[in-house]
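Participant: sequence and predicted model, in that order:
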Amino acid sequence: MRVALLGTDVGLNPLVDLNPRQSQMLSLLAKGKTYNTIAEELGVSYKTVVNNCLILKRRLGAKNLSELIRAAVRLLPAEP
């Protein structure tokens, strides 16, 4: 089984390869925050948020923002 899955993404956690800033952005997206709000909360530019979200979409296989948010909600544990 291990040999069959070698070289595939099956069973891997996509959050492992994210840097702390990308994890923060993904968490804020899961909470329904907008790009502008994320930029303000993290003290970065709007463009930085957009660029990081493009990277997140690529890594998580999301085609658009809606799919990225759906993936964020699915992957991140809900806060109490």
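Facilitator: Good, I have the coordinates. Numbers count the residues shown, from 1 in each chain.
Participant: just give the nearest non-adjacent residue to the most centrally placed residue in the chain, would you?
Facilitator: Residue closest to the mean C-alpha point of the chain, counted by CA atoms, centre = their mean, is residue 26 at 4.0 Å. Excluding its sequence neighbours, the residue lying closest to residue 26 (CB to CB, 6 or more residues apart in numbering) is residue 72, at 4.8 Å. Every residue, glycine included, has its C-beta placed from N, CA and C.
Participant: from residue 47, how far off is that neighbour?
Facilitator: Residue 72 sits 20 Å away from residue 47, going by CB to CB, to the nearest Å.
Participant: list the buried residues of stretch 36-51.
Facilitator: Buried residues in stretch 36-51, counted by 16 or more other CB atoms under 10 Å: 38-39, 42, 44, 48-49.
Participant: sorry, back to before: can you pull the pLDDT of the residue nearest to the centre of the chain?
Facilitator: For residue 26, the pLDDT comes out at 92.
Participant: in what helix or strand does it lie?
Facilitator: Secondary structure from DSSP states H and E places residue 26 in helix 20-30.
Participant: and the next helix or strand past that helix?
Facilitator: helix 35-42.
Participant: avg pLDDT for that next one?
Facilitator: Helix 35-42 comes out at a mean pLDDT of 96.
Participant: what average pLDDT does the next helix or strand after that helix get?
Facilitator: Going down the chain from helix 35-42, the next helix or strand is helix 46-60, by DSSP H and E. Averaged across helix 46-60, pLDDT comes to 94.
Participant: what inclination does helix 46-60 have with respect to helix 20-30?
Facilitator: Helix 46-60 runs at 90 degrees relative to helix 20-30, counting by axes from the mean of the first three to the mean of the last three CA atoms, to 10 degrees.
Participant: mind listing what's buried in the helix or strand that helix 46-60 is followed by?
Facilitator: Toward the C-terminus, helix 46-60 is succeeded by helix 65-75 as the next helix or strand (DSSP H and E). Neighbour-count burial for helix 65-75, counted by 16+ other CB under 10 Å, picks out 68-69, 71-72.
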